[in-house]
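[1] quick one: sequence plus predicted model below, questions after.
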Amino acid sequence: MAIESGDPSVDPTRDVLVRMRSALPQLQPAEHRVAEVVLRDPAGAAHLSITELAERADTSVATVARFSHSVGFGGYPQLRLALAGAAARESALGGPTRQPPADLNEAQTTEDIVAAIVHHEVRALQETAEHLDLTALDAAVEAVAAAPRVEIFGIGASGLVATDLQYKLIRAGRVAFCWTEFHAAMTSAVLLGASDVAIGISHSGSTQDVVEALAAAKNAGATTIAITNFSGAPIVEYADIVLTTAARETAFRSGALASRTAQLAVVDFLFVGVARTSLEATTEALRRTHEAVRDSRPMKRRKTSAKGKQNK
């Protein structure tokens, strides 16, 4: 069984909005509409009766009841109470007035855009830290620290995060490879062994190239780690350890800074944890690599005379 972040059975009222966003890929279409209504206005949803919410989501009362169970509650009354608490926290943090820009809005000023984006970057970091399962993180640190070889898979925006993790591990003296192209990722994945670690990074957890590469690594016997925003995403099926972020993305801002910010935070948590397992060696490796870059100078090209060029 995979070690996963955020077990909803522990306390479903904690981070209810984070859990709801994380559950989106698992929901049926009608339940998904209920979630969209709630996430768009948690404070307003908390004041709706089950019948009113069903009407807003163009679905049935039974569906709203099922949705309540799907996100970890005994019924709709419990969900309403949790939403009221979540709405109060969002209000204290300025959430209701700073919605993520889901669509282009000509009425928004530059100041509005900057304030909204910064608010949600900060909340992505805060909610990721609050929601992250430290037991899963410790397991990931232990696996990477013991691995003779670490393979990292990521495509698009997540590929940038994968490259960042590879760079950090290499500078710390670890053997790490990053693959942002499917064929190269698959070629590498199938050659892994039981002592190796493979890390798949995908915000949606549904990026086929990353999912298939992590699946191949798991079949090869490697320990697999997934970094994703959705605990029920396809990539989780092939992960021994799951680390979930808590970024808020929209269709308009797919691949937005919030998802990368959250992923980079998890990468830093993982890297620092690994570094602490052999602090002296890591410190020495970082010193040597820093000096190598700092002291390097571009090679001076020898000037070639016109006569010399003609003789070549």
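    Good, I have the coordinates.
[2] ignoring the adjacent residues along the chain, who's closest to Gln78?
    Distance criterion CB to CB, 6 or more residues apart in numbering; nearest residue to Gln78, sequence neighbours excluded, is Ser68 at 7.1 Å. Every residue, glycine included, has its C-beta placed from N, CA and C.
[3] so where does the one you found fall, helix or strand?
    Following DSSP states H and E, one finds Ser68 within helix 61-70.
[4] what about the residue nearest to Gln78, how many neighbours?
    For Ser68, the neighbour count with other CB atoms under 10 Å is 23.
[5] same thing with Glu291?
    As a burial measure, Glu291 scores 10 neighbours (other CB under 10 Å).
[6] where does the prediction get shaky in this structure?
    1-14, 90-106, 248-257, 296-312 (pLDDT under 70).
[7] I'd like the domain boundaries of it, if you could list them.
    What automatic domain parsing lists as the domains of the chain is 10-97, 134-294.
[8] between the ones you listed, which gets nearest to His119?
    The closest of the domains of the chain to His119 is domain 10-97. By CB to CB, the value is 6.1 Å.
[9] how near is the residue nearest to Gln78 to Ile225?
    32 Å (CB to CB, to the nearest Å).
[10] where do the helices sit along the protein?
    With helices called from DSSP state H, the chain shows them at 16-23, 29-40, 42-46, 50-56, 61-70, 76-92, 110-131, 134-146, 157-171, 182-189, 208-219, 257-277, 279-295, 306-311.
[11] who does the first one touch, helix- and strand-wise?
    Packing contacts for helix 16-23, counted by 3 or more CB pairs under 8 Å, 6 or more residues apart in numbering; DSSP states H and E, involve helix 29-40, helix 76-92, helix 110-131.
[12] try 7 Å
    helix 29-40, helix 76-92 (3 or more CB pairs under 7 Å, 6 or more residues apart in numbering; DSSP states H and E).
[13] pull the distance from that helix to the chain's centre.
    14 Å (CA atoms, centre = their mean, to the nearest Å).
[14] what's in contact with it?
    Residues outside helix 16-23 that contact it (CB atoms under 7 Å, 6 or more residues apart in numbering) are 6, 8, 12, 35, 38-39, 42, 70-72, 82-83, 86, 127, 131, 229-232, 244, 246, 248.
[15] ok, 6 Å please
    Residues outside helix 16-23 that contact it (CB atoms under 6 Å, 6 or more residues apart in numbering): 8, 35, 71, 82, 86, 127, 131, 230-231, 246.
[16] next: the second one.
    Contacts with helix 29-40, where a contact means CB under 6 Å, 6+ apart, come from 20, 45, 56-57, 59, 63-64, 67, 70.
[17] of those, which pair is most distant in space?
    Greatest spatial distance in the contacts of helix 29-40: Arg56 and Ser70, 17.5 Å, computed using CB to CB.
[18] how many neighbours does the residue nearest to Gly205 when sequence neighbours are not counted have?
    Nearest non-adjacent residue to Gly205, counting by CB to CB, 6+ apart: Ala233, 2.3 Å away. Each residue near Ala233 was counted by other CB under 10 Å, and the total is 24.
[19] backbone phi and psi for Ala233, please?
    Backbone torsions for Ala233, taken as degrees, to the nearest 10, come to phi -70, psi 160.
[20] what subset of the contacts of helix 29-40 is buried?
    Buried subset of the contacts of helix 29-40 (neighbour count, 16 or more other CB atoms under 10 Å): 20, 45, 56-57, 59, 63-64, 67, 70.
[21] closest one of these to Ala184?
    Met20 (36.5 Å).
[22] measure that closest one to Glu127 for me?
    According to CB to CB, Met20 stands 12 Å off from Glu127.
[23] all set, thanks.
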